[in-house]
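1. Generate coordinates for the sequence data below:
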Amino acid sequence: TITTYRAYDTDIYVADITLLSAEYLQTAFAENTYGKNITEKTSDIADENDAILAINGDYYGTRSGYVIRNGILYRSKSAGTDQEDLVIYADGRFEVILEGDVTAAELLEAGAVQVLSFGPALITDGVISVSANDEVDKAMTSNPRTAIGIIDALHYVMAVTDGRTSASEGLSLYELAQFMQTLGVDTAYNLDGGGSSTMYFCGVVVNNPTTNGKTIAERSVSDIVYIG
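-> Below is the predicted model of the structure:
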């Protein structure tokens, strides 16, 4: 189900998802190809992969950090010891790890199917794990945001917020964490935001993506997380 909430002077779109099997939670690359400068709109990647629901991913092409997608290790170079990654295991479990604590190869051996390396973690064990002063490098305080969370076994939420417009201010990381906590998540993780923030459902872009606040349009990205 898709529900629109209003909080912090911002429209927030939440997909509540219950799966029969973790295999339906997948990721996809732009043009179905791994590479630094390969991008497409979230909706186009979703269409190409017959996605029912999709959100933008971690835009790995402009960032460093581990990349594991659908059980394949694409990048093992660490972004630094303090980099927080979201690991999704074959049984659908979520875990937030520090790249300084484990190698990508070890994660793959442990059963990691997806590793997303944008961050930071928003909620761990039901507790907010960011402070009011935390922010993604070079980002403004209030922004369009994208997050994914798990409530319990095979029960997930994906959230995308509008922002940078007169109708929707956008959220800080801490506000996003506070909102995700109200949904009852055990673990929540921040994905790429700003102009990348896009939610697609059954052939339609649900939110109002914008890079500059003047034009409502999708920004091309490296990858998506989707339900297929």
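2. What are the buried residues along stretch 102-112?
-> Residues of stretch 102-112 classed as buried by neighbour count (16 or more other Cβ atoms under 10 Å): Val102, Ala104, Leu107, Leu108, Ala112. Using the backbone N, CA and C atoms, a C-beta is placed for each residue, glycine as well.
3. Of those, which belong to strands?
-> Within these, residues falling in strands by DSSP state E are Ala112.
4. Tell me how many other residues surround the residue lying closest to Arg164 once chain neighbours are set aside.
-> With Cβ to Cβ, 6 or more residues apart in numbering as the criterion, Arg164 has its nearest non-adjacent residue at 3.7 Å, and that residue is Gly213. Per other Cβ atoms under 10 Å, the neighbour tally for Gly213 reads 16.
5. Quick check, pLDDT for Gly213.
-> Listed pLDDT for Gly213 reads 92.
6. For it, which residues are in contact?
-> Gly163, Arg164, Thr165 (Cβ atoms under 8 Å, 6 or more residues apart in numbering).
7. out of these, which is most surrounded?
-> Most neighbours among the contacts of Gly213, by other Cβ under 10 Å: Gly163, with 29 neighbours.
8. I'd guess Leu176 is in a helix, am I close?
-> Yes. If the criterion is DSSP: H, G, I helix; E, B strand; the rest coil, then Leu176 is within a helix.
9. Who are the contact partners of it?
-> Leu176 neighbours (Cβ under 8 Å, 6+ apart): Leu122, Arg145, Ala147, Ala159, Thr161, Asn190.
10. What separation is there between the fourth one and Tyr74?
-> Using Cβ to Cβ, to the nearest Å, one obtains 26 Å as the distance from Ala159 to Tyr74.
11. Would you reformat the contacts of Gly213 as CSV and include secondary structure and distance to Lys36?
-> Below are the contacts of Gly213 laid out as CSV (DSSP: H, G, I helix; E, B strand; the rest coil; distance: Cβ to Cβ, whole Å):
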residue, secondary structure, distance to Lys36
Gly163, coil, 27
Arg164, coil, 26
Thr165, coil, 31
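12. between Ala159 and Tyr74, who's got more neighbours?
-> Per other Cβ under 10 Å, whichever of Ala159 and Tyr74 has more neighbours is Ala159, with 28 against 15.
13. Give me the three-state assignment for the more buried one.
-> Here Ala159 is strand, with the state taken from three-state DSSP.
14. Please apply the same query to Leu73.
-> Quick answer, by three-state DSSP: Leu73 is strand.
15. thinking again about what came up before, mind putting the contacts of Gly213 into CSV with pLDDT and distance to Asp16?
-> Formatted as CSV, the contacts of Gly213 follow (pLDDT from 0 to 100; distance: Cβ to Cβ, whole Å):
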residue, pLDDT, distance to Asp16
Gly163, 97, 22
Arg164, 96, 26
Thr165, 96, 25
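16. Of those, just say which sits nearest to Thr1.
-> Closest approach to Thr1 among the contacts of Gly213 (Cβ to Cβ): Gly163, at 22.9 Å.
17. which residues does the spatially most central residue of the chain form a beta bridge with?
-> The chain has Leu191 as the residue nearest its centroid, 3.4 Å off, counting by Cα atoms, centre = their mean. Beta-bridge partners of Leu191, counted by DSSP bridges, are Thr146.
18. Each with direction, which strands does the longest strand along the chain pair with?
-> Longest strand in the chain by number of residues, with DSSP E as the criterion: strand 10-18. Taking DSSP bridges as the criterion, strand 10-18 forms sheet pairs with strand 2-7 (antiparallel), strand 155-161 (antiparallel).
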